[in-house]
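Asker: sequence? don't have it. structure:
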């Protein structure tokens, strides 16, 4: 037993937090390494993982896709079978979506020191509230193939 009343194998809350932070940074570094390797090998689309920031030296085309809450909720209901959102009421589904967005925002802010969704961090922002994602992808593909 130590002076803190813990056995030698028990970790303090601080050491647990530090271990978790170390693990998170290790995962981020490894993900960044894989993202860089993929981008150097060929053209690719990378969704999330701060790829715009990780690849900033390569000047990637940075795209941000967003939608209003009503559209997000409708899409969750449509694709909800695989994500268990069909059983959520409207308020709980909205809360879940806001929670996911908040987590994405915090993750992006933590690793990049930038604001997630801030138009200054992207080359193109597309609001998919009034268009199908498939149509947006088709239009984007045409645009990129003619520009690059």
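Answerer: That came through fine. From a predicted model like this one, the values you see are computed outputs, not experimental measurements.
Asker: pLDDT below threshold where in this structure?
Answerer: Within the chain, the ranges that satisfy pLDDT under 70 run 1-10, 80-83, 147-148.
Asker: that one - how does it break down into domains?
Answerer: Under automatic domain parsing, the residue ranges defining each domain of the chain are 1-60, 62-143.
Asker: and the ones you listed as TSV, adding mean neighbour count?
Answerer: All C-beta atoms are positioned from the backbone trio N, CA, C, and that covers glycine. Listed next are the domains of the chain as TSV, based on neighbours: other CB atoms under 10 Å:
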stretch	mean neighbour count
domain 1-60	12
domain 62-143	13
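Asker: mind listing what residue 138 touches?
Answerer: Counting by CB atoms under 8 Å, 6 or more residues apart in numbering, residue 138 makes contact with nothing.
Asker: tell me the helix or strand right after the longest helix along the chain.
Answerer: Using DSSP state H, we find that the single longest helix of the chain is helix 13-41. Counting by DSSP states H and E, the next helix or strand C-terminal to helix 13-41 is helix 51-54.
Asker: from the contact counts, what lies against that following helix?
Answerer: Here helix 51-54 touches helix 13-41, helix 90-112, going by 3 or more CB pairs under 8 Å, 6 or more residues apart in numbering; DSSP states H and E.
Asker: closest one to residue 120 among those helices?
Answerer: helix 90-112 (12.3 Å; CB to CB).
Asker: now do that closest one: which elements does it pack against?
Answerer: When contacts are defined as 3+ CB pairs under 8 Å, 6+ apart, helix 90-112 sits against helix 51-54, helix 69-78.
Asker: could you give the angle of it to helix 13-41?
Answerer: 80 degrees (axes from the mean of the first three to the mean of the last three CA atoms, to 10 degrees).
Asker: pull the residues that contact helix 90-112.
Answerer: 28, 48, 50, 53, 69, 72-73, 76-77, 85, 88, 114-117.
Asker: wait, what's in contact with the residue nearest to the spatial centre of the chain?
Answerer: With distances taken as CA atoms, centre = their mean, residue 48 lies nearest the centre of the chain, 4.0 Å away. Shown in contact with residue 48 (CB under 8 Å, 6+ apart): residue 104.
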